[in-house]
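# Kindly generate the corresponding structure for this input.
(one chain, ligands or ions: 1)
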Amino acid sequence: MSRPDAPLLAVRGAAVGHDGRAVLGGLDLEVGPGDVVAVRGANGTGKSTLVRTVLGLGGLVRGRVELFGTPLDRFRDWRRVGYVPQRTAVTAGMPVTVRELVATGRLPRLRPWQRFTEADRCGVDCALEGAGLAGDGHRQLAELSGGQHRRALVARALAGDPELLVLDEPTAGVDAAAQQVLAATLAGLSATGVGIVVVLHEVGPLAPVLTRTVSLGHPTPVPLSGAVG
Ligand SMILES: Nc1ncnc2c1ncn2[C@@H]1O[C@H](COP(=O)(O)OP(=O)(O)OP(=O)(O)O)[C@@H](O)[C@H]1O
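Next up is the predicted model:
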């Protein structure tokens, strides 16, 4: 059961890694409504591993992660969480339009067998606009540049109206104008109480939107001990 007063995301004394071997340890992080937290660090410091861990995709070696006050291993309400992955190879070759991809982000919000309503169509339109793709809904994914494809993944996450939004390098390969659009969109989401975690190499136009930055150090193997929480 989620606690209404709990942070959207809490990471406590966590070590994260692969195959039981931590790449990053001693992590404490809280994300509340309206927070926009940048996760920064050199290549290989564990940014994506941390992000994937808090999304329940494995990687918790020890410590605790809670979403909306619920321990990660008991959390089921994934429609409250939006995710923009770093790698896009899975969708790159799909014969679908941008709009169709973005609409899939809306599906977790629908009841079983429920058809799209006008509100859902508006949600998709807003998501396209928020990612700077208002005029591109009809285009095939395969036609998009790397940066445009990344924006389509951002739009897909926005379409789900998440309460917690996790973005893994959403600005990589994205031109400055589109980064400005994304910055304005994230600022708008933050103002409505959405909590945001964003992995960034370059802060760029997102700088004024950030409320906090977490800097990860160089990768140092962390000895394995203690229980996974
Ligand atoms: N699936 C995996 N299995 C084993 N090790 C992995 C796996 N994925 C990543 N690693 C290793 O974990 C460490 C952290 O990788 P991670 O991708 O989290 O770093 P990052 O900070 O996101 O890097 P980048 O900025 O290059 O995206 C690296 O040493 C990487 O080689």
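# looking only at pLDDT, what's the mean for the helix or strand that A157 is a member of?
Using DSSP states H and E, the secondary-structure element containing A157 is helix 146-159. What helix 146-159 shows for mean pLDDT is 90.
# How far away from the center of its chain is that helix?
Distance of helix 146-159 from the chain centroid (C-alpha atoms, centre = their mean, to the nearest Å) equals 11 Å.
# what's it in contact with?
Identification of contacts with helix 146-159 by C-beta atoms under 8 Å, 6 or more residues apart in numbering yields 82-85, 88, 91-92, 98, 101-106, 123-124, 126-128, 130-133, 136, 141, 144, 165, 167, 170-175, 178, 182, 185, 189. Quick note: C-beta positions are derived from backbone N, CA and C, even for glycine.
# Can you give me the buried ones in that helix?
148-159 (16 or more other C-beta atoms under 10 Å).
# for the residues you listed, which one is nearest V11?
A157 (20.2 Å; C-beta to C-beta).
# how would you label the closest residue to that closest one other than its chain neighbours: helix, strand or coil?
Spatial nearest neighbour of A157, excluding adjacent residues (C-beta to C-beta, 6 or more residues apart in numbering): G82 at 3.7 Å. Of the three states, G82 takes strand under DSSP: H, G, I helix; E, B strand; the rest coil.
# what is G82 paired to in the beta sheet?
L165 (DSSP bridges).
# so what's it up against?
105, 157-158, 160, 162, 164-166.
# anything in the helix holding A157 near the ligand?
No: shown here: helix 146-159 not in contact with the ligand (C-beta under 6 Å from any ligand atom), separated by at least 13.6 Å.
# Just the C-alphas of that helix, formatted as CSV.
The C-alpha trace of helix 146-159 is given here as CSV (Å, rounded to 0.1, in the frame of the first residue of the first chain):
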residue,chain,number,x,y,z
GLY,A,146,18.5,9.5,-33.4
GLY,A,147,17.6,12.7,-31.6
GLN,A,148,14.0,12.7,-32.9
HIS,A,149,13.6,9.0,-31.9
ARG,A,150,14.7,9.9,-28.4
ARG,A,151,12.1,12.6,-28.3
ALA,A,152,9.5,10.1,-29.4
LEU,A,153,10.4,8.0,-26.4
VAL,A,154,10.1,11.1,-24.2
ALA,A,155,6.6,11.7,-25.6
ARG,A,156,5.7,8.0,-25.0
ALA,A,157,6.6,8.4,-21.3
LEU,A,158,4.7,11.8,-21.1
ALA,A,159,1.6,10.2,-22.6
